[in-house]
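Engineer: need the 3D shape of this:
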Amino acid sequence: MRPWEVIARAFTRRRAVMSLCCSVMAGLAATRASSGERPATVEFAPSWAAHAVWYQIFPERFENGDFTNDPTAESLDGRRSAPHGWSTTSWTSDWYERAAWEKSLGDDFYRDGCGWRRYGGDLAGVLDRLDHLEALGVNAIYFNPVFYAPSSHKYDSASLHHVDPYFGPDPAADLAAIAEETLDPKTWTWTTADRLFLALLAEAHQRGMHVIVDGVFNHTGRNFPAFVDLLQRQARSPFAGWYVVESFDDPS
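Structural biologist: Below you'll find the model as predicted:
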C-alpha cells in the first residue's frame with residue numbers, strides 16, 4: 001500500500017467518508033520532454049472554490065478550547081529534551097515577550113525558544129469559533145495539517161490516518177490506542193481526536209462551509225511507521241522504495 005492510498009472503514013453504524021482535496025500551492029512549471037510530448041493539463045479545482053470566502057486555520061495557534069489536552073514537554077519533538085522549565089505559552093502574551101525558559105536558551109528570539117512554543121490550540125477551539133467565522137461570511141476553511149506529528153506545524157507526520165491526539169479531548173487514551181496499532185490497517189481504530197474532527201466536519205457542513213485539509217502525503221516525519229521500519233530493517237524494509245536513501249547502514 002502506498003502512502004497516498006485512502007482506506008475507508010466502517011465507524012459504528014455510520015460510514016465516514018473523507019474527501020481529501022490536495023491543493024497544489026506552488027506553480028506547476030511544466031517543461032516539454034525531449035520527445036516533444038505536450039504536458040498534461042491539470043484541472044481539478046472545484047467550481048465552488050472560485051467564489052469561496054476562505055479562512056486558513058493553523059490549529060495549534062488558532063484557539064485553545066480545551067485546556068485539559070494541552071501539549072506536554074514529553075509531547076514535543078523527540079530529538080531533544082524540552083528546555084528546563086518549559087510550559088505552554090499564554091494566548092494573551094506579547095509575541096516578542098520571552099519566557100524565562102526561552103531566555104535560558106540564548107539571546108536569539110527565533111533560534112532560542114520560539115520553535116519550542118506551544119499555545120494549546122485544538123479542535124474544540126475551532127468548534128467554538130464556527131459561529132464567528134460564519135458571521136464573517138466564511139464558507140470555506142483551509143486547515144494546515146491536522147495529522148499526528150510532534151511539531152507545532154504538523155508537517156512531520158507520525159501518522160497520516162490519525163488526527164493529532166493533542167487536538168482532541170483525550171490525548172492519553174489516543175496515544176495508548178495508537179501504540180497498539182501495527183502497519184496492518186485492520187488494527188487501526190478511531191481515536192477521540194478522529195471522532196471530534198468528524199463532528200467538526202459535520203458542524204461546518206451544516207453551516208454550508210467547505211473544509212480542505214492540507215494533506216502532507218509526499219513526505220513524512222522521523223516517527224512515521226514506514227520510516228521507523230526502514231531504519232530498523234534497512235534495505236529489507238518493504239518501504240525502502242518510499243524514501244531516497246543514499247546508503248544503508250546494513251546493505252545486506
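
Engineer: so where's the stretch 151-252 of the chain uncertain?
Structural biologist: The stretch 151-252 of the chain contains residues with pLDDT under 70 at 250-252.

Engineer: now do the helices in it.
Structural biologist: 171-179, 192-206, 225-233 (DSSP state H, counting those that start in this stretch).

Engineer: reformat these as JSON lines; add mean neighbour count and distance to residue 85.
Structural biologist: C-beta coordinates here come from the backbone N, C-alpha and C atoms, glycine included. Converted to JSON lines, the helices of the stretch 151-252 of the chain look like this (neighbours: other C-beta atoms under 10 Å; distance: least, C-beta to C-beta, whole Å):
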{"stretch": "helix 171-179", "mean neighbour count": "16", "distance to residue 85": "22"}
{"stretch": "helix 192-206", "mean neighbour count": "18", "distance to residue 85": "28"}
{"stretch": "helix 225-233", "mean neighbour count": "16", "distance to residue 85": "31"}
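
Engineer: going along the chain, name the strands of this structure.
Structural biologist: Here the chain has its strands, by DSSP state E, at 10-11, 14-15, 54-57, 140-143, 210-213.

Engineer: put the alpha carbons of the fourth one into PDB.
Structural biologist: These are the backbone C-alpha positions of strand 140-143, laid out as PDB (Å, rounded to 0.1, in the frame of the first residue of the first chain):
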ATOM      1  CA  ALA A 140     -14.500  27.600   3.200                       C
ATOM      2  CA  ILE A 141     -11.900  26.600   5.800                       C
ATOM      3  CA  TYR A 142      -8.400  25.600   4.800                       C
ATOM      4  CA  PHE A 143      -6.700  23.600   7.600                       C
END
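
Engineer: that one - contacts with which helices or strands?
Structural biologist: Packed against strand 140-143 by the contact rule (3 or more C-beta pairs under 8 Å, 6 or more residues apart in numbering; DSSP states H and E) you find strand 54-57, strand 210-213.

Engineer: partners of that strand, with directions?
Structural biologist: Paired strands of strand 140-143, with direction, are strand 54-57 (parallel), strand 210-213 (parallel) (DSSP bridges).

Engineer: centre of the chain to the last one, how far?
Structural biologist: Looking back up the chat, that one is strand 210-213. Strand 210-213 has its C-alpha centroid displaced from the chain centroid by 13 Å (C-alpha atoms, centre = their mean, to the nearest Å).

Engineer: from the strands paired with strand 140-143, which stretch is densest packed?
Structural biologist: Counting by mean count of other C-beta atoms under 10 Å, strand 210-213 has the highest mean neighbour count of the strands paired with strand 140-143, with a mean of 18.

Engineer: if we can go back for a sec, out of the strands paired with strand 140-143, nearest to residue 48?
Structural biologist: Nearest to residue 48, of all the strands paired with strand 140-143, is strand 210-213, at 6.4 Å by C-beta to C-beta.

Engineer: which non-adjacent residue is nearest residue 213?
Structural biologist: Among residues not flanking residue 213 along the chain, residue 143 sits closest, at 5.0 Å (C-beta to C-beta, 6 or more residues apart in numbering).
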